[in-house]
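J.: let's see this in three dimensions:
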Amino acid sequence: MKRFAATALSAVTTIIASTLLTVSAHAASPEELRAKAMDPKLDKVARVEAIKAMYPEMLTEDGNIPVRRICVWDIAGKNGPIYQAAVDQVAELMQWGVQIELDAYTSESVLTEELKAGMCDAALFTGLRARLFNKYTGTIDAIGAVPSRDHMKLLMRAITSAKNADRMVDGQYVVMGYAPMGAAYIFVNDRSINTLAKAAGKRVAVLDYDLVQAEMVSQIGANPVPTALVNAGTKFNNKIVDVLAAPLAAYQIMELYKGLGDNGGIVNYPFSQITLQLVGRADKFPNELAQLVREDFLTRFDTIEKLVKAQEGDIPEQYWIDIPDDDKAEYQVMMQEARIQLRERDYYHADMLALQRKVRCKFEPSHFECANPVE
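T.: This is a model prediction of the structure:
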């Protein structure tokens, strides 16, 4: 996990360190400078020079980047692997004369509010939180929208194109990067809960800041239990909730095997793909600079995915709950209906859902949704 966090943050290191290079003045127009800054075929140093010429106001008098405060979510705080990797990264940045102030947060809700208040220049947190700042990238984690890591890689390659850069800015925020954190699966404390219909009457964990999730759970007759990420594992292990959607790495990190016990299991069908996203304030990180960071994240996709896979470890075979192909088809239909309903409620971004459908059809053109697209 430490290597994973270092990989995610190294993009920031590379780009910000490069901006310390001296730039010679030239008379290029703003349009020419932006075209140069966004051209992936050009040398990164040349692109950074163009960015500095575009935004001289973001530099100090000596041509350096002012101190930037990056807030890092780590469920274990300053003792956690993500934060410790960030500390190591700061040591490397200081060798280049860049000053970064790091802070660890065990609560995503507190981190979120401080980013909104301008107390954080950028925040590293889950894609579920990123949806509050950019609905387009926040929809990457949509229910059943990205079946596998290969689908995710193709999707991220598409959205990282410079032609897509304007979608990364929403108001005063800019998405600076996204990385895979693996698929989320349904953990249950009773193996008989192997379909959504059988979840009726059961207690299902939902994010405490997301009222729409609670409404969706209520629609299937289940009882939503508001939960923060920091205590989701504890609630499952203490039988406060019966059903929990979580990445496989949570089996070890949150000790979910305690909640599974002798009767529980994991439904062997991915519920969604989880991401980690870096969101910055646009007045601190221009979109042209963020584009370089996004591109760097993409080049590290395979490395990050392997590190995440290693964190999942080996889950005992006894816990897997296999479901018949017919039931899988039913799951796909129900997930599609849920996505459409959430799209109509302006919860999911329609353009991202359409792109995800195109990616799915790229892999399986004979699938029912490809002949009659509704997303």
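
J.: what's the lengthiest helix in the chain in contact with?
T.: Looking across the chain with DSSP state H, the single longest helix is helix 325-344. For helix 325-344, the surrounding residues in contact (CB atoms under 8 Å, 6 or more residues apart in numbering) are 142-145, 194-196, 212, 216, 269, 323, 348-350, 353, 369, 374-375. All C-beta atoms are positioned from the backbone trio N, CA, C, and that covers glycine.

J.: that one - what's its average pLDDT?
T.: Averaging pLDDT along helix 325-344 gives 88.

J.: helix or strand right after it?
T.: As assigned by DSSP states H and E, the chain's next helix or strand after helix 325-344 is helix 350-363.

J.: for that following helix, name the packing helices and strands.
T.: Applying 3 or more CB pairs under 8 Å, 6 or more residues apart in numbering; DSSP states H and E, we find helix 350-363 packed against helix 135-138, helix 149-159, helix 325-344, helix 368-371.

J.: now do the domain split for this protein, please.
T.: 2-181+274-312, 184-272+321-371 (automatic domain parsing).

J.: now the last one, how far from the chain's geometric center?
T.: Going back to what we said before, that points to domain 184-272+321-371. 17 Å (CA atoms, centre = their mean, to the nearest Å).

J.: also the first one?
T.: Put simply, domain 2-181+274-312 sits 12 Å off its chain's centre (CA atoms, centre = their mean).

J.: whichever of the contacts of helix 325-344 end up buried, select them in ChimeraX.
T.: To isolate the buried subset of the contacts of helix 325-344 in ChimeraX, counting by 16 or more other CB atoms under 10 Å, use the following:
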select :142,143,144,145,194,196,216,269,348,349,353,375
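
J.: surely Pro226 is in a strand?
T.: Yes - under DSSP: H, G, I helix; E, B strand; the rest coil, Pro226 falls within a strand.

J.: please determine how far the nearest residue to it once chain neighbours are set aside is located from Leu102.
T.: Nearest residue to Pro226, sequence neighbours excluded (CB to CB, 6 or more residues apart in numbering): Asp208, at 3.9 Å. Between Asp208 and Leu102 the distance is 26 Å, computed by CB to CB, to the nearest Å.

J.: and His367, by the same measure?
T.: The spacing between His367 and Leu102, counted by CB to CB, is 44 Å.

J.: before we move on, the earlier item: mind checking which of the contacts of helix 325-344 are in helices?
T.: Cross-referencing these against helices under DSSP H gives Val212, Met216, Ala350, Leu353, Glu369.

J.: redo the residues you listed as TSV? Include pLDDT and distance to Ala28.
T.: As requested, those are exported to TSV (pLDDT from 0 to 100; distance: CB to CB, whole Å):
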residue	pLDDT	distance to Ala28
Val212	80	46
Met216	81	51
Ala350	97	37
Leu353	97	39
Glu369	93	46
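
J.: just to revisit the earlier point, and the residue nearest to Pro226, backbone torsions?
T.: phi -70, psi -20 (degrees, to the nearest 10).

J.: compute the number of surrounding residues for it.
T.: 17 (other CB atoms under 10 Å).

J.: model confidence for it, exactly?
T.: Looking at Asp208, the pLDDT reads 86.

J.: got a list of what it touches?
T.: Residues near Asp208 by CB under 8 Å, 6+ apart: Ser109, Pro226, Thr227, Ala228.

J.: tell me the one of these nearest Lys41?
T.: Nearest to Lys41 among those, counting by CB to CB, is Ser109 at 41.7 Å.

J.: can you get me a residue count around the closest one?
T.: Neighbour count for Ser109, taken as other CB under 10 Å: 15.

J.: where does the prediction get shaky in this protein?
T.: 1-27, 63-65, 81-82, 85-86, 88-99 (pLDDT under 70).

J.: at 80 what do you get?
T.: Low-confidence segments of the chain (pLDDT under 80): 1-27, 45, 59-66, 76, 80-100, 194-197, 211, 307, 311, 326.

J.: quick check: the closest residue to Ala183 other than its chain neighbours vs Ala145, distance?
T.: Among residues not flanking Ala183 along the chain, Pro270 sits closest, at 3.8 Å (CB to CB, 6+ apart). Distance, Pro270 to Ala145, using CB to CB: 10 Å.

J.: ok, now Asp39?
T.: 31 Å.
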